[in-house]
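> Here is a sequence together with a model predicted from it:
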Amino acid sequence: MVDSVKFGRREVTTQENFSPGHRACVGCAEALAVRLACKALGKDIIVTMATGCMEIVSSPLPWTTWKVPWLHTLFDNTAAVAAGVEAGLEAKERKGRGAGKKIHVVAMAGDGGTADIGLQALSGALERGHDMIYICLDNEAYMNTGVQRSSSTPFGASTTTAPAGKKSIGQVTWKKDMPLIAAAHKIPYVATACPAYPFDLMDKVRKGADTDGPAYVHILSPCPTGWRCAPEIGVNIGRLAVQTGVFPLYEIENGKFKMSVSPSKLRPVEEYLKLQGRFRHLSPETIKQIQEHIEKDFSELKAKAEADKQQGAAN
């Protein structure tokens, strides 16, 4: 029986612990992100998942998409439940009643369950140093309940609770920088990923799971429904998000920054925005403002990574 497939020098398992047959929308990149993450994590895991798109589409009674132990949590306590599972496993090991092998504890939530409602529980789990990996599946709004804005919704995007109109551009705040917030807890591993770069995503999830202590992986997950784009171009939009600097791919290991994909020249942000109906109302002046903001942030990120690289070489 074939259990893996080679892609060049890479080998990827054919086992699907997040199995087909779920009810995700056509073209859902979030479902692809979960599928890739599960391939990287293997079977020796326990998953806690917040209320949200992936919880709804993967667990309609009496069916389930999950082939690994999986717990549905509330919107606000995914990290707390994962921390409790990790503490329980540790206690069993101390008493000699463990599984005899490493069981990875994985928390998954959307941007609403991470950057908004679940931030307190996440901060607590990271601060306490629980040995777990937290994966944020970021589709940039509360998609499951009708495309309401979250603090992860990008500036200028139109949502049902921040609609564009004659006197409004939609979202008027800039996207919350959750990877840097996680890194501020001085945890050993933080990374950004996107299913448009599948091997990079799987490598980072695996590295985060193998890290001793808490790890945080933030995955941009294009949503054709909420972003109002063609379902067949979700992966292309993910690539554009990286190539325009809208969503840079990088790692922070023990406080040191490292770029995963570092374009020598960013593509114009308009190439990314024009494919999505949520940005269709933006004026050239607002697009220019977004471009300048992205270039500034990307330049600062690259500078941090370059400084850490030079310091590492010097040492």
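Noted; the coordinates are in hand.

> Could you identify the longest helix within this protein?
helix 284-314 (DSSP state H).

> any idea of the mean pLDDT in that one?
Regarding helix 284-314, the rounded mean pLDDT is 96.

> cool, and stretch 191-208?
98.

> List the buried residues for it?
191-198, 200-208 (16 or more other CB atoms under 10 Å). In this view, the C-beta of every residue, glycine as well, is placed from N, C-alpha and C.

> Give me the contact list for it.
7, 10, 12, 29, 32-33, 36-37, 39-41, 133, 135, 179, 189, 215-222, 235-239, 241-242, 247-252, 260-261 (CB atoms under 8 Å, 6 or more residues apart in numbering).

> One more pass at 7 Å, please.
Contact partners of stretch 191-208, identified using CB atoms under 7 Å, 6 or more residues apart in numbering, comprise 10, 29, 32-33, 36-37, 39-41, 133, 135, 179, 189, 215, 217-221, 235, 238-239, 241-242, 247-251, 260-261.

> The residues you listed in helices, which ones?
Per DSSP H, the contacts of stretch 191-208 map to helices at 29, 32-33, 36-37, 39-41, 179, 235, 238-239, 241-242.

> Closest one of those to Pro268?
Within the ones in helices among the contacts of stretch 191-208, the smallest distance to Pro268 is 13.0 Å, found for Ala241 (CB to CB).

> SS state for the nearest residue to Ala87 once chain neighbours are set aside?
In space, and not counting its chain neighbours, Ala87 is closest to His130: 7.2 Å by CB to CB, 6 or more residues apart in numbering. The three-state assignment at His130 reads coil, by DSSP: H, G, I helix; E, B strand; the rest coil.

> on that earlier part again, kindly write the PyMOL command that selects the buried subset of the contacts of stretch 191-208.
Selecting only the buried entries of those in PyMOL, with 16+ other CB under 10 Å as the criterion:
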select buried, resi 29+32+33+36+37+39+40+41+133+135+179+189+215+217+218+219+220+221+235+238+239+241+242+247+248+249+250+251+260
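
> check contacts around Ser158.
Contacts of Ser158 (CB under 7 Å, 6+ apart): Ala164, Gly170, Arg278, His281.

> could you flag which of the residues you listed are buried?
Ala164, Gly170, Arg278, His281.

> any chance of those in JSON lines, with distance to Lys67, pLDDT and secondary structure too?
Conversion of the buried ones among the contacts of Ser158 to JSON lines gives the following (distance: CB to CB, whole Å; pLDDT from 0 to 100; DSSP: H, G, I helix; E, B strand; the rest coil):
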{"residue": "Ala164", "distance to Lys67": "42", "pLDDT": "97", "secondary structure": "strand"}
{"residue": "Gly170", "distance to Lys67": "40", "pLDDT": "97", "secondary structure": "coil"}
{"residue": "Arg278", "distance to Lys67": "34", "pLDDT": "98", "secondary structure": "helix"}
{"residue": "His281", "distance to Lys67": "43", "pLDDT": "97", "secondary structure": "coil"}
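
> So which of the residues you listed is the closest to Gln289?
Proximity to Gln289 was ranked across these by CB to CB; first place goes to Gly170, at 13.3 Å.

> mind listing what Thr244 touches?
Thr244 neighbours (CB under 7 Å, 6+ apart): Leu266, Arg267, Pro268, Val269, Glu271, Tyr272, Ile294.

> and with 6 Å instead?
Leu266, Arg267, Val269, Tyr272 (CB atoms under 6 Å, 6 or more residues apart in numbering).

> So which of those residues sit within helices?
Val269, Tyr272.

> got a winner among the contacts of Thr244 for most neighbours?
Tyr272 (24 neighbours; other CB atoms under 10 Å).

> Tell me if I'm right that it and Gly238 touch.
No: applying CB atoms under 6 Å as the test, Tyr272 and Gly238 come out as separate, 9.9 Å apart.

> thinking again about what came up before, list just the nearest of the contacts of Thr244 to Ser58.
Tyr272 (28.6 Å).

> how about the nearest residue to the closest one, chain neighbours excluded?
Leu240 (4.3 Å).

> Please verify my assumption that the one you found contacts Glu270.
No: in this structure Leu240 lies outside contact range of Glu270 using CB under 6 Å: 10.3 Å.
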